[in-house]
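*Asks:* whatever this is, show me its structure:
(3 chains)
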Amino acid sequence: MSRLEREFYSQDTIKVARQLLGKTLVRKIGKHTMSGIITETEAYRQADDPASHAYKDVTERNKAMFGQVGHAYVYFTYGMYYCVNVVAKSKRHKAGAVLIRSLKPHEGIDAMIKNRGTENITNLTNGPAKLTIALGITKIQYGEDLVNSKSLYIEDGIKHYQKIIASPRIGIKSAMDKLWNFKITI
DNA sequence: AATCGGATCGTCT
DNA sequence: GACGATCCGATTG
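*Replies:* Residues are numbered from 1 along each chain as shown, chains lettered A, B, ... in the order given. As a prediction, the model looks like this:
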């Protein structure tokens, strides 16, 4: 398995969101390795995207989206959950990131079950906050460089799947015309 | 199977 | 001072 390099993330945000499907998100804590196949993503970017955290301008929260590609943008939401994005954008945009919304559990399923407190495998990592709980991702990983990190990165996964389904993004009220939610079924 | 409300607090207005 | 890029359990049909 080979890790995704910097240039992968320096393409257009929407393109990266599509290409991340089927890749493997890897999380290492101590001697434990947990991983899952990415099955759903969402693209968010600046300037033309009212639904994005980075729509208006840089703030303390969203500054990672304006930074170097390949780093993690972790945000806290609904008073209790974290969600993880990968910063990805071409030179045309000042900010952009891809939200990882769903994984198919792969390695370290026992550890993820322990973290989540549920036995149900299909319910383990099938949501943006569920997967951060399963993988132990919090604000501590804010800005982590997935190109160099030993504990959080993305590598090649499956090559073949049927097709990508594009839909409006989940949980937002604006920019419903942008079909920037992408998913695959494995 | 689908809908509804509660939990809970950092971030932005 | 209001509101989420959510999840879960309870209720209803």
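*Asks:* in chain A, what residue comes closest to DNA strand B?
*Replies:* Nearest residue of chain A to DNA strand B: residue A:79, at 2.5 Å (C-beta to the nearest atom of the strand). For glycine as for every other residue, the C-beta is placed from the backbone atoms N, C-alpha and C.
*Asks:* how many neighbours does that residue have?
*Replies:* Per other C-beta atoms under 10 Å, the neighbour tally for residue A:79 reads 5.
*Asks:* secondary structure class for it?
*Replies:* coil (DSSP: H, G, I helix; E, B strand; the rest coil).
*Asks:* which residues of chain A fall in helices?
*Replies:* A:6-9, A:13-19, A:109-116, A:128-135 (DSSP state H).
*Asks:* now these in CSV, with distance to residue A:67?
*Replies:* Shown next, in CSV, are the helices of chain A (distance: least, C-beta to C-beta, whole Å):
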stretch, distance to residue A:67
helix A:6-9, 11
helix A:13-19, 14
helix A:109-116, 28
helix A:128-135, 20
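*Asks:* which ones are touching the residue minimising distance to the centre of chain A?
*Replies:* For chain A, residue A:100 is the residue whose C-alpha lies nearest the centre (C-alpha atoms, centre = their mean; 2.5 Å). Contact analysis of residue A:100 by C-beta atoms under 8 Å, 6 or more residues apart in numbering lists A:20, A:25, A:38, A:40-41, A:83-86, A:128, A:131.
*Asks:* leaving out the residues flanking it, which one is nearest to residue A:147?
*Replies:* residue A:70 (4.4 Å; C-beta to C-beta, 6 or more residues apart in numbering).
*Asks:* what separation do you get for that neighbour and residue A:176?
*Replies:* 29 Å (C-beta to C-beta, to the nearest Å).
*Asks:* ok, the two, which is more surrounded?
*Replies:* Neighbour count, other C-beta under 10 Å: between residue A:70 and residue A:176, residue A:70 has more, with 23 against 11.
*Asks:* and the nearest residue to residue A:18 once chain neighbours are set aside, what is it in contact with?
*Replies:* Leaving aside its chain neighbours, residue A:18 sits nearest to residue A:182 (5.4 Å; criterion: C-beta to C-beta, 6+ apart). Residue A:182 makes contact with A:17-18, A:21, A:40-43, A:164-167, according to C-beta under 8 Å, 6+ apart.
*Asks:* swap in residue A:102?
*Replies:* Residue A:102 neighbours (C-beta under 8 Å, 6+ apart): A:38-40, A:125-128, A:131, A:183.
*Asks:* do stretch A:78-96 and DNA strand C meet at all?
*Replies:* Yes - Stretch A:78-96 lies within reach of DNA strand C by C-beta under 7 Å from any atom of the strand, at A:78-81, A:83, A:85.
*Asks:* pull out the buried members of the residues you listed.
*Replies:* Buried by 16 or more other C-beta atoms under 10 Å: A:83, A:85, out of these.
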